[in-house]
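J.: Give the three-dimensional model of this entry:
(one chain, ligands or ions: 2)
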Amino acid sequence: MTTDDPSFSPPSFVPFERLCLIGLGLIGSSLGHATRRAGAAREIIGVDRHQPNGQKALEIGFIDTLAPDLETAVTGADLVILATPVGAFDAIGKAIGPHLSPGAIVSDVGSVKGVALDVLTPHLPAHIHLLPAHPVAGTENSGPEAGFASLFDGRWSILTPPEGSDPDALSRLTAFWEQLGATVEIMTAAHHDLVLAITSHIPHLIAYNIVGTAADLETVTKSEVIKFSAGGFRDFTRIAASDPDMWRDIFLSNKDAVLEMLGRFSEDLSVLQRAIRDGDGATLHDLFSRTRAIRREIIEAGQDAAAADFGRRPPSRADDSKF
Ligand SMILES: NC(=O)C1=CN([C@@H]2O[C@H](COP(=O)(O)OP(=O)(O)OC[C@H]3O[C@@H](n4cnc5c(N)ncnc54)[C@H](O)[C@@H]3O)[C@@H](O)[C@H]2O)C=CC1
Ligand SMILES: O=C(O)C(=O)Cc1ccc(O)cc1
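T.: Residues are numbered from 1 along each chain as shown. Ligands and ions are numbered 1, 2, ... in the order given. The predicted structure follows:
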């Protein structure tokens, strides 16, 4: 755990009795596999709106029981994790609120954290510990068959506890993520959403846009785009293959931070546009040299930006003063 708050006690590992996973796709299934591997919960209950995904989860075996509905799923659970697109959180919070066990921890894995606090808080009784989380680990794939136990190994899991959160509950959730292989970082939801807007959300928007632009060109055929796609474009197509529901919800719920970062991005893009128009090679070369140095720093710190290594934490803390 990396936190400056002196009120936290070092996490000790006590497995949860009953983990409830709401949403059994890529992240829900990875949570199930990783929890089993670590022995971090004695029992795993799953529920999914899409019946075939629930059945598949049982068949693969990363849950013990498939609940017929949300109310049954959360009954008796001491840890409930929402692993659905963030747009579903409001309705789920409303449905589970009255059925949660006293003292249960409610968490999530959503890619936007302000929304988790805003929409879940009003639905939860005072005895519930709401502790939102975001594992910075994933792939472009979806569904229960896409998950795997090592997804969180060596990755960051960012926790965004609201002010006044119970230190023991926070300590237990921290220990849980550490058992799953992640390193926990604690920050405010607002700061998380700003940082992830530039490191994850805008890159996805750029990928969706560039692949869309290429697909819509009149003078270049789609088969030419496929045939001659160079490495850079292929990387964009991987990211642009990410789940449409999930990413629609991310952009709609992190609107302010994404628009703020998009404004900066557009300004910088205009500078490049002007440099190209003016034949200003020095400006282009200066930027490309600076960005090449950043890539080298990431690699030296052990954070290879290759797809499979997205979000992997460095072996020692990287100097993040430049980011
Ligand atoms: N895909 C990724 O790489 C990462 C995703 N996340 C976050 O994790 C969450 C889940 O994403 P994935 O697992 O990738 O999505 P996914 O599409 O693989 O799985 C989502 C599952 O939730 C189910 N679901 C949707 N609405 C539901 C509802 N109202 N009640 C019950 N089940 C419902 C779907 O049927 C599906 O099985 C999202 O909030 C996303 O922002 C976080 C880190 C990485
Ligand atoms: O596959 C990739 O490149 C990703 O970016 C995965 C990812 C998607 C969403 C997140 O909130 C965190 C990680």
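
J.: wait, Ile60 sits on Ser29?
T.: Yes. Using CB atoms under 8 Å, Ile60 makes contact with Ser29 at a distance of 7.0 Å. In short, each C-beta sits where N, CA and C put it, glycine included.

J.: Compare neighbour counts for the two and give me the winner.
T.: More crowded of Ile60 and Ser29, by other CB atoms under 10 Å: Ser29, with 28 against 15.

J.: List the single closest residue to the more buried one in space, sequence neighbours excluded.
T.: Distances taken as CB to CB, 6 or more residues apart in numbering place Gly147 nearest to Ser29, at 2.9 Å, with adjacent residues excluded.

J.: Please tell me I have it right and the one you found contacts Leu21.
T.: No. Using CB under 8 Å, Gly147 and Leu21 do not qualify as a contacting pair, with a distance of 10.5 Å.

J.: quick one: which of those two has more around it?
T.: Neighbour tally, Gly147 and Leu21, criterion other CB under 10 Å: the higher count belongs to Leu21, 31 against 26.

J.: Give me the pLDDT for Ser321.
T.: At Ser321, the pLDDT value in this model is 33.

J.: do the same with Ile294
T.: 88.

J.: Distance from the chain centre to the one helix or strand it maps to, please.
T.: Element membership for Ile294 (DSSP states H and E) is helix 281-300. Centroid separation between helix 281-300 and its chain, computed with CA atoms, centre = their mean, to the nearest Å, is 27 Å.

J.: Then stretch 186-200?
T.: 11 Å.

J.: what's near enough to touch Phe233?
T.: 210-211, 214, 225 (CB atoms under 8 Å, 6 or more residues apart in numbering).

J.: where does it land in three-state SS?
T.: helix (DSSP: H, G, I helix; E, B strand; the rest coil).

J.: And it, how far from Thr221?
T.: The gap separating Phe233 from Thr221 is 15 Å, by CB to CB, to the nearest Å.

J.: In contact with the spatially closest residue to Asp249 that is not a sequence neighbour, which residues?
T.: The shortest distance from Asp249 to any non-neighbouring residue, by CB to CB, 6+ apart, is to Gly87 (3.8 Å). By CB under 8 Å, 6+ apart, the residues touching Gly87 are 245, 248-249, 252-253.
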